[in-house]
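Trainee: Sequence plus predicted model, see below.
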Amino acid sequence: MNRLYKAGLLALFVIFISGCSSRYHTRQDTAPVRTPTEHEMRDAKVKAEPKSVSAGRPYVVRGKQYHPMSDEKGYTAEGIASWYGHKFHGYYTSNGEIFNMYDMTAAHKTLPLPSFVKVTNLENGKSAIVRVNDRGPFHDDRIIDLSYAAAYKLGYHNQGTAKVQIEAITLDRVAPRLTYIQVVASSNKNNIQQLANKLGTQLEINTNIAQEGGLHKLRLGPLESDEHAQTLLKSLQAGEFRHAFLLYSEQRL
């Protein structure tokens, strides 16, 4: 192996390692250099917001599949909360927003994005209302990841974790949430159109085709109810459409 070839391999290796390590600006998460202000620790203002369609799709992390909820109304849970800060500050959340460790926000594995929850530290009684706009924490023993500001308000920023209670806060909807099934996606528009015609006739259901990023996505719906959607989804998945999944939207797709 000549010297030039070795040098080339070394350069590629350095680039690869740099690319792997530059996802975040630091390896370990740390607390910021200053404490949150009183203004930054004010409870998140609960308001009606459209749910993210993309963040409502099933996803896989570390080989485990997660199915986001269709509706957070009535959701309560108890478990261990952690927090995240400087490592993730300035990077995109799963909701497509920029994470700010001084905002009153949180990450949850399956709540719709965005959602609002009241989190109470069961060890000291302190509570905060946060806006869930991210996914995580991906540890089986934790149920929610709060921003540094929220953890500071709840008084566990120094110890890292705390046992908490979570209660979803919801507002009455002006319009009902619509349920769809995305059946399949393909770059071949003609094939998707033929399949749409076939399924529309067989199932006696509305179909629509959305074009995103060069792909044509076949969707069924909106469906009459979530129960109907779940039944139809299982039927499709048991056949040739095992990757079909539910979509929820505040408006017609």
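Mentor: On my side now, so go ahead.

Trainee: Could you use CA atoms for every contact and neighbour count after this?
Mentor: Noted.

Trainee: what about stretch 176-188, distance to the chain center?
Mentor: Using Cα atoms, centre = their mean, to the nearest Å, we find the averaged C-alpha position of stretch 176-188 to lie 18 Å away from the chain's own average C-alpha position.

Trainee: In that stretch, which residues are buried?
Mentor: Neighbour-count burial for stretch 176-188 flags 177-185 (criterion: 16 or more other Cα atoms under 10 Å).

Trainee: ranges for the strands of the stretch 151-253 of the chain?
Mentor: With strands called from DSSP state E, counting those that start in this stretch, the stretch 151-253 of the chain shows them at 162-169, 178-186, 207-212, 215-220, 245-249.

Trainee: Quickly compare those and say which is most buried.
Mentor: Mean neighbours per residue, mean count of other Cα atoms under 10 Å, is largest over the strands of the stretch 151-253 of the chain for strand 245-249, with a mean of 23.

Trainee: can you give me the mean pLDDT across that strand?
Mentor: The average pLDDT for strand 245-249 rounds to 85.

Trainee: and if you look at stretch 109-121?
Mentor: Stretch 109-121 carries an average pLDDT of 97.

Trainee: Helix or strand next in line after the helix-or-strand element of the chain with minimal mean pLDDT, which one?
Mentor: Among the secondary structure pieces of the chain, namely its helices and strands, helix 3-21 has the lowest mean (mean pLDDT, DSSP states H and E), a mean of 36. Using DSSP states H and E, the next helix or strand after helix 3-21 towards the C-terminus is strand 59-61.

Trainee: what's that next one packed up against?
Mentor: Contact analysis of strand 59-61 by 3 or more Cα pairs under 8 Å, 6 or more residues apart in numbering; DSSP states H and E lists strand 64-66 as its packing neighbours.

Trainee: Please determine how far residue 178 is located from residue 225.
Mentor: 9 Å (Cα to Cα, to the nearest Å).

Trainee: correction: residue 191
Mentor: Using Cα to Cα, which is the criterion applied here, residue 191 is 28 Å from residue 225.

Trainee: Same question for residue 73.
Mentor: Taking Cα to Cα as the criterion, residue 73 is separated from residue 225 by 16 Å.

Trainee: and what of residue 237?
Mentor: Spatial separation of residue 237 from residue 225 under the definition Cα to Cα is 18 Å.

Trainee: So for the residue nearest to residue 65 when sequence neighbours are not counted, what pLDDT did the model give?
Mentor: Leaving aside its chain neighbours, residue 65 sits nearest to residue 59 (5.6 Å; criterion: Cα to Cα, 6 or more residues apart in numbering). The predicted local distance difference test score for residue 59 is 93.

Trainee: Touching, residue 59 and residue 110? I think so.
Mentor: No. Counting by Cα atoms under 8 Å, residue 110 is not a contact partner of residue 59; they are 9.9 Å apart.
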